[in-house]
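> predicted model, plus sequence, below.
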Protein chains: 2
Amino acid sequence: MSKSLGLEDVTARCCAPLSGPVMDEAEAADLAKVFKALSDPVRLRLLNLIASHEGGEACVCDLTGPFDLTAPTISHHLKVLRQAGLIEGERRGTWVYYRPIPAALTRLSGLFALPALTGAR
Amino acid sequence: MSKSLGLEDVTARCCAPLSGPVMDEAEAADLAKVFKALSDPVRLRLLNLIASHEGGEACVCDLTGPFDLTAPTISHHLKVLRQAGLIEGERRGTWVYYRPIPAALTRLSGLFALPALTGAR
């Protein structure tokens, strides 16, 4: 139970619907870190580019062009997304390829799903 | 088109799925503000308490008890959530009652829905 996989596990654990059970302080703190990772426009656009890329993954070489930022800055943002458990990277030859972690994103999707309120307005 | 409703409108506009069309810089910036509002554990717990409260709304008088924080601090966090278009408040008599804005939350839910990736892992 003490393996150090970090925020990917946390993301998987913490995302009952907001309309569901009361979130404890630890869950809220962990989830806040995920949203902190998402609270940057460049990281949101990177995640969007990765998730919408043909084949469901994007080479880091495809991710620098759309931004007026240096490669190290892009790498930093990718690292933050990775540490938040939102994406994973795999080195193949020269390049690292990134893809979203579907379990993390679908759990965030579930967090905001409010079945009890659907149709309330 | 220049009405000043603010982030509620933005939230409604900006949340095509991450796997969908490429997000422009303005959309990413606006959405980042919503996630900034969510990147605080107290605000997440407040939103959870409001969304899970019986009747789908919570009196501000029900929201201070669970926290070791002053009423003005709670009010500040509620204001941030309101400015992000995630909740709305209505004064009735002595108290303000807060409820989630379902359109905002379901659009965030849609943002993380990745149909193209479902089942990929």
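Yep, it's here.
> hey, let's count contacts and neighbours off CA atoms from now on
Noted.
> mind listing the strands for chain A?
Using DSSP state E, the strands found in chain A span residues A:58-59, A:87-92, A:95-100.
> A:Ala29 and B:Ala84, how far apart?
With distances taken as C-alpha to C-alpha, to the nearest Å, A:Ala29 is found 19 Å from B:Ala84.
> so if I had to pick from the two, which one is more boxed in?
Per other C-alpha atoms under 10 Å in any protein chain shown, whichever of A:Ala29 and B:Ala84 has more neighbours is B:Ala84, with 25 against 18.
> any regions of chain A where pLDDT drops low?
Applying pLDDT under 70 to chain A picks out residues A:1-15, A:115-121.
> again, only this time at 50
Low-confidence segments of chain A (pLDDT under 50): A:1-14, A:116-121.
> show me the contacts for the residue nearest the centre of it.
Most central in chain A under C-alpha atoms, centre = their mean is A:Leu86, positioned 2.4 Å from the mean C-alpha point. For A:Leu86, the contact set (C-alpha atoms under 8 Å, 6 or more residues apart in numbering or on different chains) comprises A:Glu8, A:Pro100, A:Ile101, A:Ala104, A:Leu105.
> same thing with A:Glu57?
By C-alpha under 8 Å, 6+ apart, A:Glu57 lies in contact with A:Ile50, A:Ala51, A:Tyr97, A:Tyr98, A:Arg99, A:Pro100.
> picking that back up, and the gap between the residue nearest to the centre of chain A and B:Pro21?
Taking C-alpha to C-alpha, one finds A:Leu86 at 19 Å from B:Pro21.
> any buried residues in stretch A:55-65, and which?
Of all the residues in stretch A:55-65, those buried under the rule 16 or more other C-alpha atoms under 10 Å in any protein chain shown are A:Gly56, A:Glu57, A:Ala58, A:Cys59, A:Val60, A:Leu63, A:Thr64.
> which of these lies closest to chain B?
Nearest to chain B, judged by C-alpha to the nearest C-alpha, of the buried residues of stretch A:55-65 is A:Gly56 at 7.1 Å.
> quick check, the closest one in contact with A:Leu47.
No - judged on C-alpha atoms under 8 Å, A:Gly56 makes no contact with A:Leu47 at a distance of 11.0 Å.
> what about A:Thr106, neighbour count?
22.
> dump the residue contacts of it.
B:Phe112, B:Ala113, B:Leu114.
> neighbours of the second one, just the number please.
Spelled out, it's B:Ala113. By other C-alpha under 10 Å, 23 other residues sit near B:Ala113.
> from what I see, it and B:Gly20 are in contact.
No - if you go by C-alpha under 8 Å, B:Ala113 and B:Gly20 don't touch, sitting 9.9 Å apart.
> out of the contacts of A:Glu57, who has the most neighbours?
Counting neighbours by other C-alpha under 10 Å, the top entry in the contacts of A:Glu57 is A:Ala51, with 29 neighbours.
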